[in-house]
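Trainee: I'll drop the sequence and a predicted model, then ask my questions.
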Amino acid sequence: MMGGLSEVAPSSLAWMYQVIDQEVGDKDALSHDVAEAAQLLMLLGWVQRRQFAQSLASCGLTIPQFYTLVTIHHGEKGCTMGVLAEETHQCSATMTGIIDRLLKMGLVERARDESDRRLVMVRLTKDGQALLRSALNERLQGLREVLAQFEEGGRQHIIEALKVSVSLIQRQLVEEVVAPIC
């Protein structure tokens, strides 16, 4: 990998870097850029996920628990277990375990829906709302520390490049129903 970044990459990514180099090779400048971008994007994803997991761990949360809390927060009156499983791409059994742990932590509560007593809704508690806000603030602080290393013009360049990248990648996405991994 270019630029000496391979030292921070997990060894599990090394074989992917080799495959990318073999597949893309040094055919031309665009091919070289494709290989470098692919490697950097994989590394960025890995490093960001690891940093996010560490940040959440300091709040006592895992990544699936965080996204479950976010999903519940988004569903203003709470969410059913089915909606939670679907929105977070978890199977029902996995979601039940996540909710049970969040219940024990006092971050969510189960309650019957007032308009349809057959439905059980999962809602955030006040502690859940506070912890979710705290976890998000910690995430933002980590990003602030990274972006503070750049001048304003550099930050704006990064933000613009990210916007364009996200837009182009979203155009490539195929909307399909993806079965949860159980």
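Mentor: Perfect, I can see it now. Numbers count the residues shown, from 1 in each chain.
Trainee: Output the contacting helices and strands for the worst-scoring helix or strand of the chain on mean pLDDT.
Mentor: When the helices and strands of the chain are scored by mean pLDDT, DSSP states H and E, helix 11-24 comes last with a mean of 72. In terms of contacts (3 or more Cβ pairs under 8 Å, 6 or more residues apart in numbering; DSSP states H and E), helix 11-24 is packed against helix 29-57. To be clear about C-beta, it is placed using only N, CA and C from the backbone, and glycine gets the same treatment.
Trainee: ok now the helix it packs on, how far from the chain's centre?
Mentor: Chain-centre distance of helix 29-57: 13 Å, with Cα atoms, centre = their mean, to the nearest Å.
Trainee: tell me how far the helix or strand that it is followed by is from the chain's mean position?
Mentor: Next along the chain after helix 29-57, taking DSSP states H and E as the criterion, comes helix 63-74. Chain-centre distance of helix 63-74: 11 Å, with Cα atoms, centre = their mean.
Trainee: Show me what helix 63-74 is in contact with.
Mentor: Applying Cβ atoms under 8 Å, 6 or more residues apart in numbering, the external contacts of helix 63-74 come out as 49, 52-53, 56, 61, 78-79, 83-84, 87-88, 90, 94-95, 98-99, 101-102, 107-108, 122-124, 128-129, 131-132, 135.
Trainee: same question, stretch 52-60
Mentor: 62-63, 65-66, 105, 131, 134-135, 138-139, 142.
Trainee: and with 7 Å instead?
Mentor: Identification of contacts with stretch 52-60 by Cβ atoms under 7 Å, 6 or more residues apart in numbering yields 62-63, 66, 105, 131, 134-135, 138-139, 142.
Trainee: And it, what's buried?
Mentor: Across stretch 52-60, burial judged by 16 or more other Cβ atoms under 10 Å covers 52, 55-56, 59.
Trainee: Out of the residues you listed, flag the one nearest to residue 160.
Mentor: Nearest to residue 160 among those is residue 52, at 23.1 Å by Cβ to Cβ.
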